[in-house]
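Novice: prediction below, plus the sequence it came from.
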Amino acid sequence: MIEKEYDFTGYHEAQLIQGLFGQKYDTLINLLNNIQKQKLKNIIDIYLKGLDYRNCEIVKLFYGIDEIFPFSIEEIENVFNINSECIELIKDESLCELKNLGLEKRLDEFFGIKR
């Protein structure tokens with residue numbers, strides 16, 4: 001069987017989750033099959049839609065969601081014509097907002113983690 005050259009299903013979403021919550025979910029993500037990773041991507045996409053357009057796009061570019069590779073801060077600066085400090089602030093505020101929207105709780109449900 002020939003593998004696709006760029007089969008990153010779930011990889012960039014895992015990077016976003018790590019950015020949000022640290023190493024908490026890493027081992028679980030590595031155990032997921034592609035169907036489960038697609039479900040995880042769908043969950044994250046739903047929560048990303050809760051951000052305003054610019055913030056959503058900055059987070060997606062920074063973590064490489066829907067891209068082959070993550071964008072650097074400098075590349076994101078060029079896309080949005082804003083400075084790196086503003087991008088970092090938007091990214092950090094957006095990650096905080098994702099937590100407040102309930103993404104962590106939804107991920108706990110997805111992975112079957114009880115608190």
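Specialist: Nice, thanks for sending it over.

Novice: distance of Ile17 from Phe80?
Specialist: 24 Å (CB to CB, to the nearest Å). Where C-beta positions appear, they are placed from N, C-alpha and C, glycine not excepted.

Novice: who's more crowded, the two?
Specialist: Ile17 (24 against 14; other CB atoms under 10 Å).

Novice: element containing the more buried one, please.
Specialist: helix 11-21 (DSSP states H and E).

Novice: what does that helix contact?
Specialist: Residues from elsewhere that reach helix 11-21 (CB atoms under 8 Å, 6 or more residues apart in numbering): 24-26, 29, 37, 40-41, 44, 59, 63-67, 70, 95, 98-99, 103-104, 107.

Novice: ok, Phe110 touching Asn42?
Specialist: No - with contacts counted by CB atoms under 8 Å, Phe110 stays clear of Asn42, the gap being 10.3 Å.

Novice: of these two, who's got more company?
Specialist: Relative neighbour count places Phe110 above the other of Phe110 and Asn42, with 16 against 10, counting by other CB under 10 Å.

Novice: now the angle from whatever helix or strand that one lives in to helix 11-21?
Specialist: Phe110 is part of helix 103-111, with elements assigned from DSSP H and E. Per axes from the mean of the first three to the mean of the last three CA atoms, to 10 degrees, the angle that helix 103-111 makes with helix 11-21 is 130 degrees.

Novice: tell me which other helices or strands helix 103-111 touches.
Specialist: helix 11-21, helix 34-48 (3 or more CB pairs under 8 Å, 6 or more residues apart in numbering; DSSP states H and E).

Novice: to Ile87, which of the ones you listed lies closest?
Specialist: helix 11-21 (13.8 Å; CB to CB).
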